[in-house]
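Q: What would the 3D arrangement of this be:
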Amino acid sequence: MLAFHTFAQYGPMGQTTVFDLGRQNERTRQRALLAYKKAKSEGQNLCKWWKDEASLGISMSGPVTYSQRSQYTAIPNINEPSHDTTIMGAAKGLLSLHLNGNSNHLISRLGMNSILSLSVGIQVDMLHYQIQTFDNSTLNVVTQQPLYWQIGVPITLDYKWGCDVDFQPESRTCFAVGAGAMPMLGLSDYNFADLGQCFKVAPLVYASFGVYLMGCWKIRVSYMPGKFTIAKDYKSTVAATTTTLNMQGDHVFTIGIGHMQHSRDWKDGGGWRGSGGRGGRTRYHKHTGGMRRMF
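A: This is a model prediction of the structure:
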């Protein structure tokens, strides 16, 4: 028994063991908690906002179909018959971009390095397509490359685990899953003037996995089920020809690489930065100038 206690405290050849790391982490957490309580008792306005993060990547969608009906009305005294032509098919997806940024509000601690949180952010997806349409002026089939923008505010309930919760570089990895909804505007060349047609609320699920390597880096994937409308009965008239375009897609999938703000400052067993700069002794996070502060 004495030999076991000696090994647990010092380990082989005097090395630090997992027992020591556990005690160090707990002492660090207690010091951070005391610093937070002291700041609160002094009247500082601290709230439980977690770290900010941002990601950049690509967006993809499911099948996008389109149809364009072209109606030509014969001009009087000109020997040309009227005609009605419909072009339809599947749009070809081109390179698309994804941008996401969010902050997390602590709801409850579930363990030493796991939390339940509320995430609020902003997300921008640019979807690029290629379609075949009818040119009213030349009466020929031509190629167009419409853009579709989704700009929204994702709100999700998240489970988080790992180094982005305990702010310990030694934890090395982190993981998160979340589900919620995203109120958004879907804008294209064909519906920009009709904001009532553009607005929708889409369900959203996401997952992320991260590693600590000179900062916390994450791979984040998200999925929004449901259909979205790029064009609805969009009419264009040139001379005697009128075209009507409809274009609709199904679900959006994104993947991106993200980085947590200030994660390079996770030193000395803590992740909260004081006003003294990088690696300060105060373990609560504080912003000046009326911005939010974080424990």
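
Q: what's the burial count for the residue nearest to residue 62 when sequence neighbours are not counted?
A: Leaving aside its sequence neighbours, residue 62 sits nearest to residue 250 (C-beta to C-beta, 6 or more residues apart in numbering; 4.0 Å). All C-beta spots, glycine's among them, are computed from the backbone N, C-alpha and C. Residues lying near residue 250 (other C-beta atoms under 10 Å) number 13.

Q: Show me what residue 250 is bridged to.
A: Residue 250 has these beta-bridge partners by DSSP bridges: residue 227.

Q: how about it, what does it touch?
A: 61-64, 226-228 (C-beta atoms under 8 Å, 6 or more residues apart in numbering).

Q: would you turn those into TSV with distance to residue 98 and neighbour count?
A: Shown next, in TSV, are the contacts of residue 250 (distance: C-beta to C-beta, whole Å; neighbours: other C-beta atoms under 10 Å):
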residue	distance to residue 98	neighbour count
61	11	22
62	15	13
63	19	11
64	17	21
226	17	12
227	19	11
228	15	23
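
Q: As TSV, those with pLDDT would be great.
A: Below are the contacts of residue 250 laid out as TSV (pLDDT from 0 to 100):
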residue	pLDDT
61	82
62	80
63	80
64	83
226	86
227	85
228	84
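
Q: Go through these and name the one nearest residue 23.
A: For those, the residue nearest residue 23 by C-beta to C-beta is residue 226; the value is 49.5 Å.

Q: Distance of that closest one relative to residue 201?
A: From residue 226 over to residue 201 the distance is 10 Å, taken as C-beta to C-beta, to the nearest Å.

Q: again, but for residue 253
A: Going from residue 253 to residue 201 by C-beta to C-beta gives 18 Å.

Q: Between these two, which is the more surrounded one?
A: Between residue 253 and residue 201, residue 253 has the larger neighbour count (other C-beta under 10 Å), namely 16 against 12.

Q: Surely the more buried one and residue 57 touch.
A: No: if you go by C-beta atoms under 8 Å, residue 253 and residue 57 don't touch, sitting 10.6 Å apart.

Q: Apart from its neighbours in sequence, what residue is nearest residue 222?
A: Residue 222's closest residue in space is residue 206 (C-beta to C-beta, 6+ apart), at 3.9 Å.

Q: For the stretch of helix or strand that neighbour belongs to, name the packing helices and strands.
A: Assessed by DSSP states H and E, residue 206 sits inside strand 199-212. Applying 3 or more C-beta pairs under 8 Å, 6 or more residues apart in numbering; DSSP states H and E, one finds that strand 199-212 contacts strand 155-162, helix 163-166, strand 173-188, strand 216-238, strand 241-260.

Q: Tell me the one of the contacts of residue 250 nearest residue 246?
A: Among these, and counting by C-beta to C-beta, the member closest to residue 246 is residue 64, at 11.3 Å.
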